[in-house]
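A.B. asks: quick one: sequence and predicted model below, then my questions.
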Amino acid sequence: MSSTLFVFTVLCVLLNVFHCYGNANMDKYHQRKSKQFLEENAQKEGVVTTASGLQYKVLSKGTSKVSPTAADTVEVHYRGTLINGKEFDSSYKRGQPAKFGVGQVIKGWTEGLQLMSVGDKFEFYIPSELGYGAAGAGKDIPGHNALIFEVELIGIQGKNEL
């Protein structure tokens, strides 16, 4: 009985070591691929990189001059993907825009939304550090992943459009 327990314990330890080693390799892989994507993306026409590392591209401009602040609540349509194109969220698919506080989302969104005016449609390319970082988010967004969001700013709660 004790030899069976010993073998079981050794197997558990080995599985844990391989699991941790595999996660570390995946983290490095995601970091490398995200860095490569952002470096190449920065060279594309129309892509702007801010001081924080957020990248964005203006897809279309609205006619409004009203922009949100970090304290505002906005209404947006959006589609989020990993850099490999895998979609992880979409208000379009739900058929309903989302409402949330500009300062209550990931840093890349908070910064990017403040660059927009009502009616604008942007694409954000968000480095992991401005997204979900090493932790990732649930099963769909692994750690160290750059993210791509297509965002349409529909409105700002309590602000009249000009």
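C.D. replies: In hand now; what should we look at?

A.B. asks: where in this structure is the helix or strand with the lowest mean pLDDT?
C.D. replies: Within the chain, confidence by mean pLDDT, DSSP states H and E is lowest for helix 2-41 among all helices and strands, at a mean of 67.

A.B. asks: hey, where'd the helices end up in the protein?
C.D. replies: Secondary structure of the chain (DSSP state H): helices at 2-41, 91-94, 107-113.

A.B. asks: count the residues that sit near residue 45.
C.D. replies: For residue 45, the neighbour count with other C-beta atoms under 10 Å is 5. All C-beta atoms are positioned from the backbone trio N, CA, C, and that covers glycine.

A.B. asks: any idea how far residue 57 is from it?
C.D. replies: From residue 45 across to residue 57, the span is 9 Å (C-beta to C-beta, to the nearest Å).

A.B. asks: could you do residue 141 as well?
C.D. replies: 21 Å.

A.B. asks: residues in contact with the residue nearest to residue 144 when sequence neighbours are not counted?
C.D. replies: What sits nearest to residue 144 in space, not counting adjacent residues and going by C-beta to C-beta, 6 or more residues apart in numbering, is residue 30, at 4.0 Å. Going by C-beta atoms under 8 Å, 6 or more residues apart in numbering, residue 30 touches 128, 142-145.
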